[in-house]
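[1] here is a sequence with its predicted model. Questions after.
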Amino acid sequence: MSNYTDDLEYSLAKRVPDMESGFSISTNYGELFIDADEAEPIIKAVRRAIEKNLKIAKKSEARVA
């Protein structure tokens, strides 16, 4: 597996679950603070995006191997 694939898997295993306690989003204009009670829909969207990217990355790696 590539570092990219490993990073995506780590994100699903550690980073996304950690978002459940609340998190911040950093932009060029400052930070947005998301409380735990507001986090669920954003977490779901992030998880879907990472899972999609992981699936694409694994397919790509399989073609190269």
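    Received it, and whenever you're ready, just let me know what you need.
[2] contacting residues around the longest helix seen in the chain?
    Assignment by DSSP state H gives helix 40-64 as the longest helix of the chain. With C-beta atoms under 8 Å, 6 or more residues apart in numbering as the test, helix 40-64 has contacts from 1-2, 4-5, 8-9, 11-12, 16, 19-20, 34. In this view, the C-beta of every residue, glycine as well, is placed from N, C-alpha and C.
[3] most neighbours among these, please name it.
    Leu8 (23 neighbours; other C-beta atoms under 10 Å).
[4] after the helix or strand where that residue lies, which helix or strand is next?
    In this structure, Leu8 sits in helix 3-10 according to DSSP states H and E. Helices and strands here follow DSSP H and E; after helix 3-10, the next one along the chain is helix 16-18.
[5] hmm, back to that, now for the helix holding Leu8, which elements pack on it?
    Counting contacts by 3 or more C-beta pairs under 8 Å, 6 or more residues apart in numbering; DSSP states H and E, helix 3-10 packs against helix 40-64.
[6] tell me which residues of the helix it packs on come out buried.
    43, 46, 50, 54, 57 (16 or more other C-beta atoms under 10 Å).
[7] how far does the helix holding Leu8 sit from its chain's centre?
    10 Å (C-alpha atoms, centre = their mean, to the nearest Å).
[8] ok, now stretch 7-18?
    6 Å.
[9] cool, stretch 49-65 as well?
    With C-alpha atoms, centre = their mean, you get 14 Å for stretch 49-65.
[10] quick check: mean pLDDT of it?
    Mean pLDDT, stretch 49-65: 91.
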